[in-house]
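Asker: model the structure of this input:
(one chain, ligands or ions: 4)
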Amino acid sequence: MIIFKTSKISALTMLSVIVLFSCAPKEPEKVQSITIDNNEYDPAVWGQVYPVNYQSWQSTQDPKPSGLSKYRRGWDDDRVVYDRLSEFPFAALLYHGWGFGIEYNEPRGHHYAVIDQIEIDQSRTSPGGVCLACKTPFHKEYTETRGMDYLSAPFLKAVEMLPEKHRELGAACIDCHLAQTMELRTHKDHFEKGMSMIGKTEFSHQETRTIACAQCHMTYYVPRDENRKVAGDVRPPWTHSQWGAITIENIIEDLLTDYQREEWVQKVTGFPMPYIRHPEFELFSNQSVHWMADVSCADCHMPYTRSGAVKYSDHNVTSPLKNKMRACIQCHTESADWLQDQVFTIQDRTTSLLIRAGYATAITAKLFEKLHQLPNTGNQSDEELYAIAKDYYKRAFLRVVFISAENSAGFHNPTEATRVLGDAIAFAQKSESLLRQILTSRGIEVPVFVDLELDQYLNLRGDKKLMFMEDQEFSDPFDIQSFFTLKTSKQGM
Ligand code: HEC
Ligand code: HEC
Ligand code: HEC
Ligand code: HEC
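Answerer: Ligands and ions are numbered 1, 2, ... in the order given. Below is the predicted model:
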C-alpha cells in the first residue's frame, strides 16, 4: 500500500535535503546581493531573494477550489464563508455566553489571519491584544517591549499599535525562518514555554517541519485574574505531558486546576469554563500513524512543487484535498481518488460521533439549566451527586471542544479522535443520568427527549444578527442521531 515504510521515509527526508539544495534560493538570488536582516518583518523584502516562495506564500489569499473538501469548506471559489454553528447546531448552545457562540467561521488562508479577526464580531476578540498571539508576527516583540499595555489593550487598539504597513500581516517568513540561514525556527514565546514544560530541547529536521506549524496550531488559554481580566500572554495547558503524548486527559487536568484557566461563563449552565483552541499539534502528535512514521505537517500541507526548473515547498498552505492530494501522492502509490475516499471515510465516522457527543453534552447542559431554576434544598446527597455530575459534564464538554476545534475532522489521528469522543459520550450520559436522578427526587418529570430550544441560540447572533443556515448543517452521515433527538436539530428540537 505504502511506498515509504519508515526506512523509505528517511529516504524521502534525504530527498528533501537534495531538493533543498537544488532549489536552494542561494544561487540565483544571492546574485542580487541582498542580505535579509534576521529582524526583517516585511515578506516583500524576503521575496526579492526568494521570489517563488514569496509568490506561493501570497497565494494563501486566493479562494480555493470548491467541492473538493467535505468538512472543511470555507473561502473556496463559491466565496461562501461557512458558519461552524450552523454546521454543528449543538455548538451554538454549548458556546452560548461568549464570542465563539456568536460568530465562528471555518478558517481560511494565512493571509486572512488578522483580517478575519478585525472583521469578526468583536465579542470574539474581547480579551484584547493577546488575541493576536497566533496571528501577527509582531506578537513576541510587542509582548516583550510593551507587556500588558499591548496584551490587554482593546483588540482594535492593539492592532493600531502595530507598524501601519504591516498591521494586517498574518504568518510571515520571519515566523518560520531565520533569514541568514533560512533554517526553520519558531517565533512564539508560548510555544517555547510549552516545549520547556514538556522537556523537549532538540529537534530533528522532520520535527522542525512540524513545530514551524505547531507554534500556532496548538492549544492555549488566555490566563485570567480573579475578575476574569487578561493576566498575561497565552499559555499551553501541557502540565504532566510529554513530547508525543500531550493527551486530552492531561490537558483537562491542567485546565480544571484553577480560576486562571476559566475564561468565560457558559450561559446555559452558569459554569465558569476553560476552553480549547485549534489543537492540531496535540491530536496529531499523540501517536497517530503518520506521526509514528515521522511524517510532518509540512509533508502534507506544503508539498514539493515545480515552477520551471525550480522545485520548492508550496507555501500556499491549505487543505491537501483542495490541492488535489498532491502531498499524499508523494508517499502513497494509491490514486488521488482512493486517498480522498479514505479521508472522507475517516471524517464521516468522526463527525457522526462528534454529533452524538455534542448533543449528549448539550442535553446535559439543559438539565443543569432546569435544575438551577429550582430553589436550592440543601439536600446533602443531592449535593454529592451534583458535584459528580458537574465534574463529568465539564470533562465531556472539553472533549467535545477538543475534537470540534481540531481542524482535520479526525483525519490527523482517527483512532484517538474516536476514543476521545467515545469518552465524551460516556461522561455526558453519566452526568445526564445523575441529573435525572436529582430532578426526579425533587418531583420534576424530565421528558425522554429534552427540548434543546436551539433556535434561541442559533438565531439573531451578535450585532450582525447572524442566522442559522440550514443548508450548511452537517447531518449525521450514518443517521444514528435521530434515535436520540426527537426531531432533526434543524427544527430546533
Ligand atoms: C503565525 C501563526 C501560524 C503559523 C506559523 C501557521 N499557521 Fe496555519 N493558520 C493560522 C491561522 C491564524 C489560520 C486561520 C486564518 C483565518 O481563518 O483567517 C491558519 C489557517 C491554516 C489552514 C487553513 C487554510 C485554508 O485554506 O483554509 C491550514 C491548512 C494551516 N493553517 C496549516 C498550517 C501549516 C501546515 C503550518 C506550518 C507549515 C501553519 N499552518 C503555520 C496561523 C498559523
Ligand atoms: C498525513 C497528512 C497530514 C499531516 C501530517 C497533517 N495534516 Fe493537517 N490535514 C490533513 C488532511 C487530509 C486534512 C483535512 C482537510 C479537509 O478536510 O479538507 C487536514 C486539515 C488540516 C487543517 C484544516 C484545513 C482547513 O482547510 O480548514 C489544518 C489547520 C491542519 N490540517 C494543520 C495541520 C498541522 C498544524 C499539522 C501538524 C501538526 C498537520 N495538519 C499535519 C492532512 C495532514
Ligand atoms: C508557516 C511557516 C512558513 C512560512 C510563513 C514561510 N515558510 Fe518558507 N518554508 C517553510 C517550510 C516548512 C519549508 C521547508 C523547509 C525544510 O524542509 O527545511 C520552507 C522552505 C523555504 C525555502 C527553501 C526552499 C523550499 O521551497 O523548500 C525558502 C527559500 C523559503 N521557505 C522562503 C520563504 C519566504 C520568502 C517566506 C515568506 C514570504 C516563507 N518562506 C514563509 C515554512 C514557512
Ligand atoms: C511523507 C510520507 C506520507 C505522506 C505525505 C502521507 N502519508 Fe499516509 N502514510 C504514510 C505512512 C508511512 C503510513 C503508515 C503506513 C504503514 O506503515 O503501513 C501512512 C498511512 C496512511 C493511511 C493508513 C492509516 C491507518 O490508520 O492505518 C492512510 C489512510 C493515509 N496514510 C492517507 C494519507 C493521505 C490522505 C495523505 C495526504 C493528505 C497522506 N497519507 C500523506 C506516509 C505518508
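
Asker: and stretch 235-243, how far out from the chain's middle?
Answerer: 17 Å (C-alpha atoms, centre = their mean, to the nearest Å).

Asker: what distance separates the start and the end of that stretch?
Answerer: End-to-end span of stretch 235-243 (C-alpha to C-alpha, to the nearest Å): 17 Å.

Asker: which residues touch P163?
Answerer: Y41, F138 (C-beta atoms under 8 Å, 6 or more residues apart in numbering). C-betas here are computed from N, CA, C, even on glycine.

Asker: list of residues touching stretch 444-452?
Answerer: 90, 93, 359, 362-363, 366-367, 370, 374, 436, 439-440, 485-486, 489, 492-493.

Asker: that stretch: how far from the chain's middle?
Answerer: 33 Å.

Asker: try stretch 170-186
Answerer: 22 Å.

Asker: helix or strand for the residue in the stretch 101-250 of the chain that ligand 4 sits nearest to, which one?
Answerer: For the stretch 101-250 of the chain and ligand 4, the shortest gap (C-beta to the nearest ligand atom) falls at Q206, measuring 9.0 Å. Following DSSP states H and E, one finds Q206 within helix 205-214.

Asker: let me see the mean pLDDT of the helix or strand following that helix.
Answerer: Sequence-wise, the next helix or strand downstream of helix 205-214 (DSSP H and E) is helix 248-255. Regarding helix 248-255, the rounded mean pLDDT is 98.

Asker: list the buried ones in helix 248-255?
Answerer: Across helix 248-255, burial judged by 16 or more other C-beta atoms under 10 Å covers I248, N250, I251, I252, D254, L255.

Asker: now do the helices in the stretch 351-493 of the chain.
Answerer: With DSSP state H, counting those that start in this stretch, the ranges of helices along the stretch 351-493 of the chain come out as 380-405, 414-441, 455-458.

Asker: contacting residues around G128?
Answerer: Contacts of G128 (C-beta under 8 Å, 6+ apart): L151, S152, A153, P154, F155, K157, A158, V230.

Asker: do the same with E282
Answerer: Counting by C-beta under 8 Å, 6+ apart, E282 has contacts M218, T219, I246, I248, I251, E406.

Asker: how about those, which pair is most distant?
Answerer: M218 and I248 (13.5 Å; C-beta to C-beta).

Asker: which residue packs closest to the closest residue to ligand 2 within the stretch 1-150 of the chain, ignoring adjacent ones?
Answerer: With C-beta to the nearest ligand atom as the measure, S69 is the residue of the stretch 1-150 of the chain nearest to ligand 2, at 3.1 Å. Among residues not flanking S69 along the chain, L321 sits closest, at 4.4 Å (C-beta to C-beta, 6 or more residues apart in numbering).

Asker: what sits against the one you found?
Answerer: Contacts of L321 by C-beta under 8 Å, 6+ apart are L68, S69, K70, R72, Q340, V343.

Asker: want to throw the buried residues of helix 248-255 into TSV with distance to T269?
Answerer: Formatted as TSV, these follow (distance: C-beta to C-beta, whole Å):
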residue	distance to T269
I248	21
N250	24
I251	20
I252	17
D254	21
L255	16
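
Asker: which of these sits closest to ligand 1?
Answerer: The closest of the buried residues of helix 248-255, once distances to ligand 1 are taken by C-beta to the nearest ligand atom, is I251, at 19.7 Å.

Asker: distance of the closest one relative to R326?
Answerer: Distance of I251 to R326, given as C-beta to C-beta, to the nearest Å: 33 Å.

Asker: ok, now R167?
Answerer: The value you get for R167 to R326, if C-beta to C-beta is used, is 33 Å.

Asker: dump the contacts of E282 to TSV, plus distance to F449.
Answerer: Listed next are the contacts of E282 as TSV, based on distance: C-beta to C-beta, whole Å:
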residue	distance to F449
M218	38
T219	34
I246	37
I248	29
I251	32
E406	29
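
Asker: most centrally placed residue in the protein?
Answerer: Relative to the mean C-alpha position of the chain, the nearest C-alpha, by C-alpha atoms, centre = their mean, is the one of H278, at 1.6 Å.

Asker: for the record, mean pLDDT for stretch 81-98?
Answerer: Rounded mean pLDDT across stretch 81-98 is 97.

Asker: just the buried positions in that stretch, please.
Answerer: 82-98.

Asker: contact residues of the stretch 1-150 of the chain facing ligand 2?
Answerer: Proximity of the stretch 1-150 of the chain to ligand 2, by C-beta under 6 Å from any ligand atom, involves residues S69, Y71, R72, P107.

Asker: list the contacts for the first one?
Answerer: S69 makes contact with D76, S319, L321, K322, according to C-beta under 8 Å, 6+ apart.

Asker: what residues are up against the closest residue to the last one other than its chain neighbours?
Answerer: For K322, the nearest residue in space outside its immediate sequence neighbours is K64; the separation is 4.1 Å by C-beta to C-beta, 6+ apart. When contacts are counted by C-beta under 8 Å, 6+ apart, K64 is found next to W75, D76, D77, G109, T318, S319, K322.

Asker: can you redo the residues you listed as CSV with secondary structure, pLDDT and distance to L353?
Answerer: Formatted as CSV, the contacts of K64 follow (DSSP: H, G, I helix; E, B strand; the rest coil; pLDDT from 0 to 100; distance: C-beta to C-beta, whole Å):
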residue, secondary structure, pLDDT, distance to L353
W75, coil, 87, 27
D76, strand, 93, 26
D77, coil, 93, 31
G109, coil, 96, 29
T318, coil, 97, 26
S319, coil, 98, 21
K322, helix, 97, 25
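
Asker: out of those, which are buried?
Answerer: Using 16+ other C-beta under 10 Å, the buried ones in those are W75, D76, G109, T318, S319, K322.

Asker: could you dump the residues you listed to TSV with distance to ligand 4?
Answerer: What follows is the buried ones among the contacts of K64, written out as TSV (distance: C-beta to the nearest ligand atom, whole Å):
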residue	distance to ligand 4
W75	20
D76	18
G109	18
T318	11
S319	9
K322	11
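
Asker: between those residues, which is closest to M292?
Answerer: The closest of the buried ones among the contacts of K64, once distances to M292 are taken by C-beta to C-beta, is S319, at 22.6 Å.

Asker: dump the residue contacts of the closest one.
Answerer: K64, L68, S69, R72.

Asker: try it again with 6 Å
Answerer: S69, R72 (C-beta atoms under 6 Å, 6 or more residues apart in numbering).

Asker: please shift the residue numbers so they start at 50 in all later answers.
Answerer: OK, 50 is where the count begins now, so the last one is S368.

Asker: tell me how far it lies from ligand 2.
Answerer: 3 Å (C-beta to the nearest ligand atom, to the nearest Å).

Asker: which phi and psi does that residue have?
Answerer: phi -60, psi 130 (degrees, to the nearest 10).

Asker: ok, now K113?
Answerer: According to degrees, to the nearest 10, K113 has phi -100, psi 160.

Asker: A358 too?
Answerer: phi -90, psi -10.

Asker: how close does it sit to ligand 2?
Answerer: According to C-beta to the nearest ligand atom, A358 stands 28 Å off from ligand 2.

Asker: ditto for D397
Answerer: For D397, the distance to ligand 2 - C-beta to the nearest ligand atom - is 11 Å.
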